[in-house]
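Enquirer: Sharing a model prediction with you, sequence too.
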Amino acid sequence: MVTIILLLSCDFWTVKNVSGRLLVGLRWWNQVDEDGRSRWVFESRKSDGVNKTSSAESRVFWLGLTVCPIFWVIFFFSTIFSLNIKWLAVVIMGLVLQWANLYGYVRCKVGGKSSLRKMAKTYISGQIFKQAMKETEKT
């Protein structure tokens, strides 16, 4: 149990500090100000015209980042339903660490101040517009 939690912590640190920066150019961290207040910082690589990462690497990163929390949710429910409560601490730790990374990187991608709802609305309206343009080109 301790080994698994240590490996989960190493995975969290690696994804947060190494993989995210190298594969998608994003990073995030928590900074405590002098007055004791916690402040979250979200950064993305400046796009200077040179794309240092391939789209395949980016897709693999985002796929892994979104699929892992889903597996931890499945593990959570299987632990509860099988009444294997002794593993619940490991599952909760994995779930929290994976969701924290996912949340941090989504906030980096969207931008620290904009909302996820706004991003989803923009994406959906863009897809509807593209579909409408394809249909008008056919006619």
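Expert: Thanks, I have the structure now. Note that this is a predicted model, so its numbers are computed, not measured. Numbering: from 1, shown residues only.
Enquirer: C-alpha from now on. contacts and neighbour counts both.
Expert: Will do.
Enquirer: What are the boundaries of the strands in this protein?
Expert: All strands of the chain, identified by DSSP state E, fall at 26-32, 38-44.
Enquirer: how about a markdown table for those, with mean pLDDT, mean neighbour count and distance to Cys10 added?
Expert: What follows is the strands of the chain, written out as a markdown table (pLDDT from 0 to 100; neighbours: other CA atoms under 10 Å; distance: least, CA to CA, whole Å):
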| stretch | mean pLDDT | mean neighbour count | distance to Cys10 |
| --- | --- | --- | --- |
| strand 26-32 | 80 | 16 | 16 |
| strand 38-44 | 77 | 15 | 21 |
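Enquirer: Out of those strands, the one nearest Ala89 is which?
Expert: Among those, strand 26-32 comes nearest to Ala89, with 24.1 Å by CA to CA.
Enquirer: Just give the strands next to the closest one in its sheet, each with its orientation.
Expert: When pairing is defined by DSSP bridges, strand 26-32 lines up against strand 38-44 (antiparallel).
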